[in-house]
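> What shape does this take:
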Amino acid sequence: MLHPGFFLLAPLAIASFCFMVGVGSQDRFIDWPYLWLLFRNISPYFWAVMGVALCVGTSILGAAWGIFVTGSSLVGAAIRVPRITSKNLISIIFCEAVAIYGVIVAIILQTKLESVTREQGLFSKGNMAAGYAIFGAGLTCGFSNLVCG
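Okay, here's the model as predicted:
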């Protein structure tokens, strides 16, 4: 059964998506030239920083979820068999390692950031590719750590 809030949030999300997509032209549902113009004018530095932030944020969320699940099961196991409490702490350490891995990857990605300038009103293809690559790397690392937790 679906959560009651779903029936409130789903129509609002669909309406806001349709409004954002259909802003450029009224005769088309999706105005591709407007979206391309909007997408092309966003700085590659923004995409790179967003990738670094997603790397750290989702890695920490994955580690927190793993610690929550593992910690609650360890408390239950410690009640039944108190002598194995210290042996089970290794799973908590592995969950913390997921967060540390995300922070390390974010630091590595942060060293790759450089300032970008516009050439004739647009960003160069190399700068755009670098920004998207850092965004993709941060997104991949963050979501894999989220699933790992």
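
> From the contact counts, what lies against the lengthiest helix in the chain?
Criterion DSSP state H: the longest helix present in the chain is helix 44-80. If contacts are counted by 3 or more Cβ pairs under 8 Å, 6 or more residues apart in numbering; DSSP states H and E, helix 44-80 sits against helix 89-111, helix 125-148. Yep, even glycine has a C-beta here, placed from its N, CA and C like the rest.

> out of those, which comes closest to P11?
For those, distance to P11 was read as Cβ to Cβ. The smallest value, 27.3 Å, belongs to helix 125-148.

> Local confidence estimate at G62?
Reading off the confidence values, G62 has pLDDT 92.

> among the helices and strands packed on helix 44-80, which is the most enclosed?
Of the helices and strands packed on helix 44-80, the one with the most neighbours on average (mean count of other Cβ atoms under 10 Å) is helix 125-148, at a mean of 18.

> distance of the residue sitting furthest away from the middle of the chain from A77?
If you look at how far each residue of the chain sits from its centre, by Cα atoms, centre = their mean, the farthest one is R83, at 39.2 Å. Counting by Cβ to Cβ, to the nearest Å, the separation of R83 from A77 is 11 Å.

> All set now, cheers.
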